[in-house]
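[1] starting from these lines, generate the structure:
(chains A and B)
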Amino acid sequence: MNNSNSSLAEGNSETTCDTAQLISNDEASTSNYGQLNNHENYQDTEENDLHGSHGVRRRQPIQKIEPGSMNILSAKYESLDYDTCENHLLLDEERKRGYPFIVWKDMARWFIIMLIGMVTALIAFIIDICIEQFSDIKYMELKKFVDKYVLMDKLYIPYLLWVLSNVCIVFIGSVLVAYVEPVAAGSGIPQVKCYLNGVKVPRVVRIKTLLVKTVGVITAVVGGLAGGKEGPMIHSGAVVAAGISQGKSTTLNRDFKIFQYFREDHEKRDFVSAGAAAGVSAAFGAPIGGVLFSLEEGTSFWNQALTWRTFFGTVVSTFTLNVALSAYHGHPGELSYPGLLNLGKMEPFPFQFYELPVFILFGGIGGFLGALWNYINYKLAVFRIRYITAPYLRVIEACLVAAASATCGFLMMFLLNDCRPLGEDPTKVPLQLFCADGEYNAMAAIWFQTPEASVRSFLHDPIGSYQPGSMLAFVACYFLLSTWTFGLAVSSGLFIPNLLTGAAWGRLLAIAMQAMLPSYTINPAKYALIGAAAQLGGVVRMTISLTVIIIETTGQISNALPIIITLVVAKWTGDFFNEGIYDIHIQLAAVPLLPWEPPPLTHNIYASEVMSHPVFTLRTVENVGHIVELLKVVTYNGFPVVDPPLADDAEVTTYKRLRGLILRSQLIVLLQNKLYNENANTTWSNFNVKMNMFRREYPRYTSIDKLEISDWEKTCTIDLRPYMNPSPYTLPHRASLPRLFRLFRALGLRHLPIVNDVNEVVGMVTRKDIARYRVWRHRGHMGMEELLLSSEI
Amino acid sequence: MKSDGKYYRSYIEFPQPELCSKLLDSFAESASNFTVCSIKYARPIRLCEKCVDHYAQFHAIYENLTDTVVNGTSCLALFISQDRLNAIQEFHDNLMTIWDKGNCNDCFDWTADGPEIKNSTLEFNKMFSNTMNCITSNMNPFSNNTKEICNKCMGFYIRLDDYYKSLSKDSIGVDSICMDIVDSMNTTRSIWSKNLHCCDIRKTPELIFLTCTVIVAILPLLFYITVRYCRPIRDLPNVLKESRFKQSILRSVQGRIN
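    Residues are numbered from 1 along each chain as shown, chains lettered A, B, ... in the order given. The predicted structure is shown next:
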C-alpha cells in the first residue's frame, strides 16, 4: 500500500525525466504514434530531418504524402508475438502438467496438421467442382445461342449475353469482396506472406474471409476473368489452418474448448505456414513444392520438426484431393487427379547442350515480360489506390473488366478465323462460328473453356494446331487482360493467366524456330512449358518452390535443369527492372515486412539511432488509473516494466532499470478481471489465475475504450511482476543494426528494449523501426533508403 | 541339313491336342479374312458395315478357343503366354483394337443370331445417299457456280447434319458413333463447305455486333477518366513524426536554452 501511494504521488512530478510522460506536452508529441501527433511545432527540428538520423538517403521531409507511394510504412500494422512469455503463470502451468502434456500436445499437432490437409483439400475440391460445373453450363448455353444466331447476322445477341453473364457473375463476387471482406481480394499470397513474416494483417485468417474467398474464386473464374484459382487456395489453406488449430471461431461466436494450448501467435503461425503449404499442394498437386513455398515465401522461424509436419500436411492434402476428384470423375481409387492444376503428363524431353542458350533466351524474355507485367500492374494499382477507393467504384471496375474480357474473347473469335477439324483433340465446346462444317474455331475453343484447360491445350497440342497470327494476338490480349485483372476487387490469382500467356508465347517461339530450322523437329510442348515457367518466374520471382511446383505438376524430374536455368535467368532479368509482384503489392500496402537479410553496409548504424526514444514504461507495481490512461493515449503494444526511480530529482534525466516486459493484451485481461492488489483476498479466490484466462480472449482482445473502469478502481494498484515476461531479449544501445535485425528476425520478436550499461531502458525497437531501412535495387544500382511512417494509410 | 530336319521333326513329335489344332487353323483363317476385309474397306471407311460378318466369326472362334477345354486346360492357354513372341494374342489384340477404335459395335444391334444393322444406321445411310445423289446429279462439271447446288441440296444436307448431331450426346460423336457414319459425315461436310463453298453465307458483316464491342471497349476508358477527374478531394495522409533519440535530445537542449 505504501508503495502504491508513493508512486501515485510521483505521477506528476517527473516531467523532465527521459521516460516519456503522458501528461507532459512537448516531448509526448514527438512520439510516432498517431494520437500523439501534434502538427504545430515541427519547425525546430526540420534541418535534422533532411538527412534522416544518420546520413541515409531520405526523401524530402514532406508533411503530406500522395497515397500509392512505395516509400511509406503504415504505422497501423501490428506484429505477431513469436516469443513465449515466461511469466509465473507459465511456470505454474508447466509444473502442473509435466511431460505427459508435452507428448499429448505433440500428438495434437500432428492430428491438427492432418485435419488441415484434409479440409484444405476438400475446399479445393468444392471450388474445382463448382467452377467446372458452372463453366460447363455457361459455355454450353452460350454455344447454343452462338450456333443459332450466327446464321441470322445477329451475333450481337450471344455476345451481349456473354457480357451480361460475365458481368452478373463477377458482380456477385466483387460485391462480396468489396463490401464484406476486402482482404479477400486478389490471390491472398501477399497477405499470407506478411502474416508468416510476422505482421498481423487484420482479418486475414478469419472464417468470413475464407467464405468470401471461396465464393469469390468461383465467381471470378466462372465469370471469365483472366484469373486462376490456385493463389486463393494458398490463402484458403492458411485460413483453414488458423481456424482448426485454435478450436474456436470468433466470427461464428463458438468456442469448442479444444486446443486451447495452441492459442498463441507462435503456434498459430506454425500452423498457418503448414496450411499455406497444404494450399499450394492442393492447388498444384505438389507436396514438396508446397513445403518449399512456405519456406521460401514465408516463415522466418523454421525448424526441422515443422518441416516434417508441414510435409505430412501437404501429402495428406494432395492425397485427399486426389481421392475426392478421382471419385468424382468416376475412377475411384485410381488417384489420377493430384491437384487442381494438372498440366497433363509431359514426356521427358531430351535436350542438348546447344539448347541451353535457348533456355537462357527464354528466361530473359520471360523476365522482361514479367517485369513489364509488374510495371503495368503497379501503375494500375497506384491508380486504384488513389482514385478507385469507394467500394461501389471497385465493383463497377470489376464488372467492366469482366465485360472487356468477354469482348476481347469474342472479337478474337470473330476476327481470327482459325479453324481446325473436329474430333482430333478433346474439345468440350466446339464452336463452329464461321468455320466450315465439321470444323471448329480454335480461338473459341480456347476462350470457351477454363484457363487451365487452355494451358493444357497449349502444352500438348501438336505444332500445327494454332496459326502464329492468332497466337500472337492471344498473347498480347491475355497479357494485358491478366495484368489488368490482378488487383481488382475479386479473388483470383495470377498463376494460371501467366502460365497461359507464357505457354502461348513459348509455343509461338517454337513455331518460329521450326520455321527457321525446318530440318529439325521442334517439340512445341517443351518450349511452351519453358515459356510458361519463364513468364510466371518473371512475374512472381520465386525460384526453388516454383521449379519444384512445375516439376511436380508435369511429373518429370528430368526437366529440372532447363526449368531452373530459365527461372534463374527470368528472376535476374526481372530484378534488374523491378521487384516481384507480391513485393510490389506488399510495399504499396505499406506493410513493414522484414527481408531475409539485414541491409548491407549498416554496421555503423547503432541501436541508439534505430530505437524509438522516449519510452512509455510501467512500474512493477502500477496504479490502475495510470495504466488505463496510458493504454488509452498510446497505441503501443509492449511496455517495459521498470523499477521505481530512486531519486525524485526533477532536473536530472533519469532512466529506469528494466525488470520485464508486459503486453497490452495482458494488461487488458488484468483490468478486465480486476486483479488488483486491493481485492486480492476477495475476488481472486473465486477463480484461478491461469494462462487460460489470457488464452480465452485470444486473438481479439477487447479495446481499452470498451472497458468500464469505475473511479474507485483507478486508485487501485496492480502488481505486474507475476504476469510480465521477466527476461525479455534486450540489446545494449551500442548494438549495430545488423545484429539487431538478426535477433529480431530470427527470433520473431515484437518488442526489443534497448538498455544502457546499467540495464536501464533507453529505447524500444519494434518492427517498424527496423523495417524503415530498406534496400532498393534498380538497373544494377543499389542503395538504402529510410522510409517514412504514416498512420493514415 | 539333315540334322536340321531331324531337329524340326523332333519338335513335331509333341503334338497339340487335335481339337485345339483344328480350332487354331480356323482362327487363323478367320483372322486373315477379317484383315483382308479391313484393309480393303479402310478408305473411305466402310469397314464396320462390310466386315462385320468376318468380325463376328473371328470373335466367335476366339471365344471358342477359350471355352474348349482339353485335359483340364483350355486351348487358348496352350497357345498364348508361352513365349516372348506371343503372336496369337498380339494378332487378336491388334485386330480388336482397330474394330474398337472405330466404335464399330455401335452400328449394330447384337442379337443372339449375330449382328444386325441398327435402324439409326440404316436411316443415316438413306439420308446420306440422298444427299450425295442430290449433289452429284446437280453437279455441272463445266461451271464453277455452286450456288445452285447449295440451294437445291440444302434441305437434304441440313437434315443429314441434324440427324448426325442427334446421334450422340456431345453432337461431335467422335467417341461414340461408329466410324462409318463419322467418316461419311466428314466427307459430306468437306465436300459441302470446302468444294461447294456452301457455308460462306455464314460470313456476314455483323455491324451491330462490332458497334456493341466498340461501346463496351470504350466504357472502361470512360470510367477511368471519370474517376480520375471527378473524384472528391481528399485530405492526403500525414507523415508521422518519428521519435528518435537525436531529435528528443536536441529538443530538450533547445528547451533548456529557451
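
[2] which positions in the stretch 601-750 of chain A make contact with chain B?
    A:608-609, A:611-614, A:653 (Cβ under 8 Å from any Cβ of the partner chain). C-betas here are computed from N, CA, C, even on glycine.

[3] which pair in these spans the largest distance?
    Largest separation among these by Cβ to Cβ: A:Glu609 and A:Thr653, giving 18.3 Å.

[4] if you count surrounding residues, which of those two has more?
    A:Glu609 (19 against 11; other Cβ atoms under 10 Å in any protein chain shown).

[5] hang on, that one packs against B:Gln247?
    No. Using Cβ atoms under 8 Å, A:Glu609 is not in contact with B:Gln247; the gap is 10.7 Å.

[6] so A:Met764 is in which element?
    Take DSSP states H and E as the rule and A:Met764 turns out to sit in strand A:761-766.

[7] helices of the stretch 101-250 of chain B, residue ranges please.
    Secondary structure of the stretch 101-250 of chain B (DSSP state H, counting those that start in this stretch): helices at B:119-138, B:147-167, B:179-190, B:207-229, B:245-257.

[8] which stretch among those approaches A:Thr635 most closely?
    Counting by Cβ to Cβ, A:Thr635 lies closest to helix B:245-257 out of the helices of the stretch 101-250 of chain B; the figure is 18.8 Å.

[9] what's the angle from the closest one to strand A:761-766?
    140 degrees (axes from the mean of the first three to the mean of the last three Cα atoms, to 10 degrees).

[10] is the strand holding A:Met764 positioned near chain B?
    Yes. Residues of strand A:761-766 contacting chain B under Cβ under 8 Å from any Cβ: A:762-763.

[11] now for that strand, which elements pack on it?
    Secondary-structure packing of strand A:761-766 (3 or more Cβ pairs under 8 Å, 6 or more residues apart in numbering or on different chains; DSSP states H and E): helix A:607-610, strand A:638-642, strand A:751-755.

[12] mind checking the pLDDT average for that strand?
    Taken as a whole, strand A:761-766 has an average pLDDT of 90.

[13] do the same with stretch A:200-208
    Across stretch A:200-208, pLDDT averages out at 87.

[14] buried residues, it. List them.
    Residues of stretch A:200-208 classed as buried by neighbour count (16 or more other Cβ atoms under 10 Å in any protein chain shown): A:200-201, A:204-208.

[15] nearest residue to A:Lys768 other than its sequence neighbours?
    Nearest non-adjacent residue to A:Lys768, counting by Cβ to Cβ, 6 or more residues apart in numbering or on different chains: A:Pro592, 4.8 Å away.

[16] what kind of secondary structure is the one you found in?
    Using DSSP: H, G, I helix; E, B strand; the rest coil, the structure places A:Pro592 in coil.

[17] once you drop chain neighbours, what's closest to the residue in the stretch 451-600 of chain A positioned nearest to chain B?
    The nearest approach of the stretch 451-600 of chain A to chain B comes at A:Trp484, 8.6 Å away (Cβ to the nearest Cβ). Distance criterion Cβ to Cβ, 6+ apart; nearest residue to A:Trp484, sequence neighbours excluded, is A:Val401 at 5.9 Å.

[18] low-scoring pLDDT stretches of chain A, where are they?
    A:1-63, A:298-301, A:423-428, A:646-653, A:679-689 (pLDDT under 70).

[19] check chain B too.
    Confidence mapping of chain B against pLDDT under 70 gives the ranges B:1-16, B:140-146, B:169-175, B:199-204, B:233, B:255-258.

[20] can you rerun that using 90?
    Applying pLDDT under 90 to chain B flags residues B:1-28, B:34, B:37-38, B:40-213, B:216-217, B:227-258.

[21] domain assignment for it?
    Here the domain assignment for chain B is B:15-101, B:120-202, based on automatic domain parsing.

[22] and those as CSV, adding distance to chain A and mean neighbour count?
    Putting the domains of chain B into CSV (distance: least, Cβ to the nearest Cβ, whole Å; neighbours: other Cβ atoms under 10 Å in any protein chain shown) gives the following:
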stretch, distance to chain A, mean neighbour count
domain B:15-101, 13, 15
domain B:120-202, 3, 16
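
[23] which one of the ones you listed lies nearest to A:Gly285?
    A:Gly285 lies closest to domain B:120-202 among the domains of chain B, at 26.3 Å (Cβ to Cβ).

[24] close to chain B: what parts of the stretch 401-550 of chain A are there?
    Within the stretch 401-550 of chain A, the positions lying close to chain B (Cβ under 8 Å from any Cβ) are A:401, A:403-404, A:406-407, A:410-411, A:414, A:421-423, A:427, A:430, A:433-439.

[25] likewise the stretch 101-250 of chain A?
    Residues of the stretch 101-250 of chain A lying near chain B by Cβ under 8 Å from any Cβ: A:150-151, A:153-156, A:159-160, A:163.

[26] list the contacts for B:Leu24?
    Contacts for B:Leu24 (Cβ atoms under 8 Å, 6 or more residues apart in numbering or on different chains) come out as B:16, B:65, B:75, B:79, B:88.

[27] including distance to A:His781 and secondary structure, could the residues you listed go into CSV?
    Shown next, in CSV, are those (distance: Cβ to Cβ, whole Å; DSSP: H, G, I helix; E, B strand; the rest coil):
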residue, distance to A:His781, secondary structure
B:Gln16, 86, coil
B:Leu65, 81, helix
B:Cys75, 84, helix
B:Phe79, 79, helix
B:Ile88, 76, helix
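
[28] quick one, what contacts A:Ala327?
    Applying Cβ under 8 Å, 6+ apart to A:Ala327 gives the contacts A:Gly333.

[29] how near is it to A:Tyr139?
    From A:Ala327 across to A:Tyr139, the span is 25 Å (Cβ to Cβ, to the nearest Å).

[30] A:Val621 too?
    A:Val621 is 72 Å from A:Tyr139, by Cβ to Cβ.

[31] so for the two, which sits in the more crowded spot?
    Using other Cβ under 10 Å, the more surrounded residue of A:Val621 and A:Tyr139 is A:Tyr139, with 23 against 16.

[32] which helix or which strand is home to that one?
    Using DSSP H and E, A:Tyr139 maps to helix A:88-149.

[33] can you name the element that comes right after that helix?
    helix A:156-175.

[34] for that following helix, name the packing helices and strands.
    helix A:88-149, helix A:207-222, helix A:391-415, helix B:207-229.

[35] got the buried residues for the helix or strand that the third one is followed by?
    Tracing the chain past helix A:391-415, the next element assigned as helix or strand by DSSP H and E is strand A:419-421. Buried residues in strand A:419-421, defined by neighbour count with 16+ other Cβ under 10 Å: A:419-420.

[36] can you list the strands that strand A:419-421 pairs with?
    In the sheet, strand A:419-421 lines up against strand A:439-441 (antiparallel) (DSSP bridges).

[37] just to revisit the earlier point, so for A:Val568, which of the helices of the stretch 101-250 of chain B sits nearest?
    Of the helices of the stretch 101-250 of chain B, nearest to A:Val568 by Cβ to Cβ is helix B:207-229, at 37.0 Å.

[38] what's around the residue lying closest to A:Ala590 once chain neighbours are set aside, how many residues?
    Of all residues not flanking A:Ala590 in the chain, A:Ser74 sits nearest, at 3.7 Å (Cβ to Cβ, 6+ apart). When counting by other Cβ under 10 Å, one arrives at 17 neighbours for A:Ser74.

[39] try A:Phe368
    By the criterion of other Cβ under 10 Å, A:Phe368 has 17 neighbours.

[40] can you give me every residue that contacts residue 130?
    No chain specified, so I'll use chain A. By Cβ under 8 Å, 6+ apart, the contact set of A:Cys130 is A:218, A:222.

[41] other chain: chain B
    Contacts were defined as Cβ under 8 Å, 6+ apart; by that measure B:Asn130 touches B:156, B:160.

[42] 6 Å - rerun?
    B:Phe156 (Cβ atoms under 6 Å, 6 or more residues apart in numbering or on different chains).
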